[in-house]
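>>> pasted the sequence and its predicted model underneath.
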Protein chains: 2
Amino acid sequence: MQMKTGVEQSVYAVLLLNMLPEKAVLHSEVISGQIGASPTYFQKLLRKLVSADLITSVPGVKGGFKLKKNPEDIRVYDIYVAIEGQQSLYSPSGILNDVLELEKDDRCCVLGELMEEAEDSWKSVLKRETIASLSEQVESKRFVNHVTDLKNWVEENMVV
Amino acid sequence: MQMKTGVEQSVYAVLLLNMLPEKAVLHSEVISGQIGASPTYFQKLLRKLVSADLITSVPGVKGGFKLKKNPEDIRVYDIYVAIEGQQSLYSPSGILNDVLELEKDDRCCVLGELMEEAEDSWKSVLKRETIASLSEQVESKRFVNHVTDLKNWVEENMVV
DNA sequence: ATAATTCGGATAATCATTGTCCGGTTTAAT
DNA sequence: ATTAAACCGGACAATGATTATCCGAATTAT
């Protein structure tokens, strides 16, 4: 039970896109290069983010990706769902139902209720934080100089 | 990102073992038969529970498994850790460190802190519930008659 | 027109989980 | 003592999900 690395990469990608000025986009291979991800697979992650309406893609020469929503409206949870899908951490196999000889309608999986509560609790933390608040943390922490380096890098590599 | 089915099976196994009278044990194949798990793999799960000191094994003819701790002292979380190990849901790959050109010592993974908090929140729910409280729920809910059936089955199949 | 890019599908590679097998050890019963 | 039935633990195979690659099509700036 481990989170996909794709979620982590996607979060950082969105953080990078958040550094873009208006109208500018970032080429997918440039991003994956910076993050150190496999370019082809990373494209698929980006497309999932596009499908989830979190980022926008611009096809053609000088194309690339940029944010679609405001950073305050992109929760870490949204990125997680975009990449991993909505399936829950725990899929009850109905074992206890068999054991107790229950009907299928009898939705009373004791363990399931607990797991659902645990998962909700986990999700609520991911829903709390947004790209805006994460960016703020990165900037306000102890490495402001590195952030300016990174922003310079973005400006050098962005298009339009 | 999905929880191993082994965790679910293990929880139910422990619930079954909790129905045993003192000194009695349950044969591993009998349990896996009831739960509908593959017998050989299920043995491995049981041995993990043994290693975690949650249950005891009795080798030899008339051998089997029984609880080692009191049901109040076995948390769902303990079973989860016994089966899945202690690795966290999120293993930071240090991407942001690379991006920000940080030293390895600089443990300031923004996303990591958030994920850790989320995971702690998730775990706290699993730590709250014990085998005792789960058993109580099963018994007190709406299927008391099924539980007595199950207890009869345990008595028929237990050893010593 | 051409080159550079995203899009979407098919498919392969990798890895964790699940499952099997076998020889060894322990114990009850004969 | 011998035997049979169970647990022990390691090696290894099968399965399935994630990751990764490739290719042709669509789009757009030059």
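Structure received.
>>> relative to residue A:93, how far out is the residue nearest to residue A:63 when sequence neighbours are not counted?
In this structure, residue A:63 finds its nearest non-sequential neighbour in residue A:25, 6.7 Å apart by Cβ to Cβ, 6 or more residues apart in numbering or on different chains. Any C-beta I mention is one placed from the backbone N, CA and C, and that applies to glycine too. Between residue A:25 and residue A:93 the distance is 45 Å, computed by Cβ to Cβ, to the nearest Å.
>>> please apply the same query to residue A:53.
From residue A:53 over to residue A:93 (counting by Cβ to Cβ), the distance is 33 Å.
>>> between these two, which has more neighbouring residues?
When neighbours are counted by other Cβ atoms under 10 Å in any protein chain shown, residue A:93 comes out ahead of the other of residue A:53 and residue A:93, with 17 against 12.
>>> just confirm the more buried one is within a helix.
No: read with DSSP: H, G, I helix; E, B strand; the rest coil, residue A:93 is coil and lies in no helix.
>>> how close does it get to DNA strand D?
With distances taken as Cβ to the nearest atom of the strand, to the nearest Å, residue A:93 is found 13 Å from DNA strand D.
>>> pretty sure that residue contacts residue B:6?
No: using Cβ atoms under 8 Å, residue A:93 is not in contact with residue B:6; the gap is 11.0 Å.
>>> ok, residue A:117 to residue B:129 distance?
Separation of residue A:117 from residue B:129 (Cβ to Cβ): 9 Å.
>>> higher neighbour count, these two?
Shown here are residue A:117 and residue B:129; by other Cβ under 10 Å, residue B:129 has more neighbours (21 against 15).
>>> list the contacts of that one.
A:114, B:75, B:76 (Cβ atoms under 8 Å, 6 or more residues apart in numbering or on different chains).
>>> ok, 10 Å please
Shown in contact with residue B:129 (Cβ atoms under 10 Å, 6 or more residues apart in numbering or on different chains): A:110, A:111, A:113, A:114, A:115, A:117, A:118, B:11, B:75, B:76, B:77, B:137.
>>> now, of those, which are buried?
Neighbour-count burial (16 or more other Cβ atoms under 10 Å in any protein chain shown) applied to the contacts of residue B:129 gives A:110, A:111, A:114, A:115, A:118, B:11, B:75, B:76, B:77.
>>> which element is the fifth one on?
Read it as residue A:118. For residue A:118, the element it lies in under DSSP states H and E is helix A:110-128.
>>> name the residues of chain A found near DNA strand C, please.
Proximity of chain A to DNA strand C, by Cβ under 7 Å from any atom of the strand, involves residues A:1-2, A:27-29, A:43-44, A:46-47, A:50-51, A:57-65, A:159.
>>> change it to 10 Å
A:1-2, A:25-32, A:39-44, A:46-51, A:55-65, A:93, A:157, A:159 (Cβ under 10 Å from any atom of the strand).
>>> looking at those, which are in strands?
A:55, A:56, A:57, A:58, A:64, A:65 (DSSP state E).
>>> which of those are buried, as a ChimeraX select command?
Burial among those is assessed by 16+ other Cβ under 10 Å; the matching ChimeraX selection reads:
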select /A:55,57,64,65
